[in-house]
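Asker: Fold the following.
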Amino acid sequence: MENILLVLNIIFAIILVVLVLIQKSEGGALGIGVSQENFMFSRSAGDFFTKATAVVATLFIICSLSLTIISREGIVSSTSVIDKIEENSDDQPEIPESNN
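Answerer: This next block holds a predicted model:
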């Protein structure tokens with residue numbers, strides 16, 4: 001299951017990069033940076049590539065979260081990283097004796 005999700009994640013990433021590179025550079029993709037003139041009559045909102053990019057990005061995020069959840073099932077958390085750092089900070093380094 002983990003291998004299938006990993007392959008799907010790589011495929012989604014490649015498709016997402018291709019979709020972003022194919023889109024026209026209008027400065028207002030996905031509603032970011034839209035001026036007041038284009039706010040009411042925006043043709044890019046219904047663009048196929050914009051919708052496809054949003055769908056593939058959503059699938060990529062869901063697949064990435066699923067991979068994270070599946071990979072954490074085998075990990076047993078005994079102590080946190082902060083506890084380990086605090087344990088190591090208690091150890092004082094020894095000062096070597098001078099042999100003059």
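Asker: hey, which helix or strand in the chain has the poorest pLDDT?
Answerer: helix 36-40 (a mean of 51; mean pLDDT, DSSP states H and E).
Asker: Pull out the buried residues from the lengthiest helix in the chain.
Answerer: The single longest helix within the chain, with elements called by DSSP state H, is helix 48-72. By 16 or more other Cβ atoms under 10 Å, the buried positions in helix 48-72 come out as 50, 53, 56-57, 59-60, 63, 67. C-betas here are computed from N, CA, C, even on glycine.
Asker: got a list of contacts for that helix?
Answerer: 1-2, 5-6, 8-9, 12-13, 15-16, 19-20, 22-23, 29-30, 44 (Cβ atoms under 8 Å, 6 or more residues apart in numbering).
Asker: Of the residues you listed, select the buried ones using a ChimeraX command.
Answerer: Under the burial definition 16+ other Cβ under 10 Å, those of those that qualify are selected in ChimeraX by:
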select :5,8,9,12,15,16,19,23,29,44
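Asker: Show me the contacts of helix 48-72 that map onto strands.
Answerer: Applying DSSP state E to these, no entry is found in strands.
Asker: so where is the protein shaky, pLDDT-wise?
Answerer: 25-46, 74, 77, 79, 86-93, 100 (pLDDT under 70).
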